[in-house]
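> test case, fold it:
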Amino acid sequence: MNLIDGGDNYDILRSILNEAYDQAATGKGRERHANGKPWDEQPIAEIGRMVGTGFNTGQAIKKLQESSRMKGETAVRELLGAIVYAASAIMLIREGQ
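Reported below is the predicted structural model:
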C-alpha cells in the first residue's frame, strides 16, 4: 500500500476502506460466511436483523479490543474486520433496524 501517492488528502482512507472491502468480499469473510450469498444476506446482516445492531457494534468492539493484543498485519486484519462490522451496523440502521 502506497501511503504517499500525490493524490487527494483522502487516498490513505480510501485505500484502507478498500482493504476492508477486499477482506470481506474476497478474503476470510467470503470464505467462512458467504455460502454464495450477497453480503446483506450473510450472518453479519441476518443476525443483526434478528437481535439488533448491538450484535454488529459488539463484534466491532470485540475486534478492536482483540487487535490491541496483536502486532503488525494480524492487528490490521482485526481492525479491517471491525470496519466491516461497523459498515454492517450502518446498513442496518439505514434499513430501520
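
> what sits against the residue nearest to L80 when sequence neighbours are not counted?
Nearest non-adjacent residue to L80, counting by C-beta to C-beta, 6 or more residues apart in numbering: A20, 4.4 Å away. Yep, even glycine has a C-beta here, placed from its N, CA and C like the rest. When contacts are counted by C-beta atoms under 8 Å, 6 or more residues apart in numbering, A20 is found next to L80, G81, I83, V84, A87.

> flag every buried residue along stretch 15-25.
Of the residues in stretch 15-25, I16, E19, A20, Y21, Q23, A24 count as buried by neighbour count, 16 or more other C-beta atoms under 10 Å.

> ok, now stretch 65-81?
Residues S67, V76, R77, E78, L79, L80, G81 are the ones in stretch 65-81 that count as buried (16+ other C-beta under 10 Å).

> got the confidence number for the second one?
The predicted local distance difference test score for V76 is 98.

> returning to what we had before: let me know the secondary structure of the residue nearest to L80.
At A20 the chain is in helix, as set by DSSP: H, G, I helix; E, B strand; the rest coil.
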